[in-house]
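# My questions concern the predicted model and sequence given below.
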Amino acid sequence: MSRVSINDIKSDDKIIAIMGPTGAGKSTFIDTAMRQGGRAGHTLKSYTANVEAVRYNDGKDTIVFVDTPGFDDTTRSDTDILKLIANWLEKTYKKHVLLTGIIYVHRITDNRMSGSPLKNLHMFGSLCGEAASPNVILITTMWSDKVPADVGGRREAELVDKFWKPMLDLGSAHMRFMGSYESAWEIVRAVIARAEARPVLLQQELVDLHKVLRETEAGKTLYGELLRLLEEQKRVAQQLREVSKQNQNNPALQAELDNQFKQIDGLLNTTLIQIQEMKIPFVSRLKSFFSGKKAATHPVRV
């Protein structure tokens, strides 16, 4: 195993990006495929803070695994994560380096599709695009973590029939990662076998159409997610105010509520800063409207 920079990537490397929510098992998948134990953590805390590429040769192919941080990362904001991923994709595309394929990771232990997993899927669909969908394999992880087979099967069926259906209809595939070296390489081989190197939508928008990040489909999607988050945080703040008014004679509860309100107020300010950063100025929207330039593909609405 060796870490590689963008400049070190070779023409005969097969480049596979691993994407998905924080704690879904992206780093674990790479560790298992490379027989590299102990690198990834076993909690929902983010292990990968940056985009990291590592090269591995299994005796047949030379693979560059690209480990990416998930949205809702524990150390960086969502806007920072999008910048990191966009920067790597933009630089490689300018060097005429295309992804062989993408593995999108979802933990089967999640009992419902909401919050972080759903946001990550929305972001993935918007940065990947329809044209690159055939290069995607959607995998489920953590099958051995005390999830009964029938429960896992029902969750998988819901993913296939509902949440993953738009991408599957466009040519993506889905597989299970069972935690072994053999299972990891079954997935890797499937990526290689189906691959026809294509740019993802975000690369086309940044390089071919010369858009800034907030003008891309991924940028617009993140902006919408941040607006929804802001409304939820406002709702929680209002509930705290109402509970505080109803319990003014309870000093201990008031102290706890004050602490919670300070926390939510801090989150509100952070979200507002991100929203301002991703907001498209009116002049930019007007310029984009009259330019007539559009990508050759569309985002996947999941």
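Yes, it's here. Numbering: from 1, shown residues only.

# For the protein, which segments count as helices?
26-33, 78-94, 115-128, 149-158, 165-169, 181-194, 201-203, 217-246, 251-278, 282-291 (DSSP state H).

# how about the nearest residue to T141, chain neighbours excluded?
G25 (3.8 Å; C-beta to C-beta, 6 or more residues apart in numbering). From N, CA and C alone the C-beta is placed, and that goes for glycine too.

# how close does the one you found sit to T140?
The gap separating G25 from T140 is 9 Å, by C-beta to C-beta, to the nearest Å.

# Quickly list what's touching both of the two.
R107, F177 (C-beta atoms under 8 Å, 6 or more residues apart in numbering).

# what bits of the chain have low per-residue confidence?
By pLDDT under 70, the low-scoring segments of the chain are 1, 37-49, 145, 195, 282-297.

# Repeat the analysis, applying 80 as the threshold.
1-2, 11, 37-49, 72-74, 113-114, 145-146, 195, 281-297, 302 (pLDDT under 80).

# Let me see the contact set for the residue lying farthest from the centre of it.
Distance from the centre of the chain peaks at N249, with 45.7 Å (C-alpha atoms, centre = their mean). By C-beta under 8 Å, 6+ apart, the contact set of N249 is empty.

# again, but for C128
By C-beta under 8 Å, 6+ apart, the neighbours of C128 are I102, V136, M167, V200, L201, L202, P299, V300.

# if we go to 7 Å?
Counting by C-beta atoms under 7 Å, 6 or more residues apart in numbering, C128 makes contact with I102, V136, V200, L201, V300.

# Distance check, the fourth one against Y56.
Using C-beta to C-beta, L201 is found at 28 Å from Y56.

# Check the second one too.
Using C-beta to C-beta, we find V136 at a distance of 21 Å from Y56.

# which one of those two has more residues nearby?
Legend: neighbour count by other C-beta atoms under 10 Å for V136 and Y56, higher for V136 (29 against 17).

# Hmm, that one is touching M167, no?
Yes - between V136 and M167 there is a contact at 6.2 Å, judged by C-beta atoms under 7 Å.

# ok, and the closest non-adjacent residue to L230?
Closest residue to L230 apart from its sequence neighbours, by C-beta to C-beta, 6+ apart: T271 at 5.0 Å.

# For the one you found, grab the count of nearby residues.
So T271, with other C-beta under 10 Å, has 20 neighbours.

# With R189 instead?
Per other C-beta under 10 Å, the neighbour tally for R189 reads 13.

# how close does it sit to L201?
According to C-beta to C-beta, R189 and L201 sit 26 Å apart.

# For L229, which non-adjacent residue is spatially closest?
Nearest non-adjacent residue to L229 (C-beta to C-beta, 6+ apart): T271, at 5.5 Å.

# from what I can see the one you found touches E231, true?
No - if you go by C-beta under 7 Å, T271 and E231 don't touch, sitting 9.9 Å apart.
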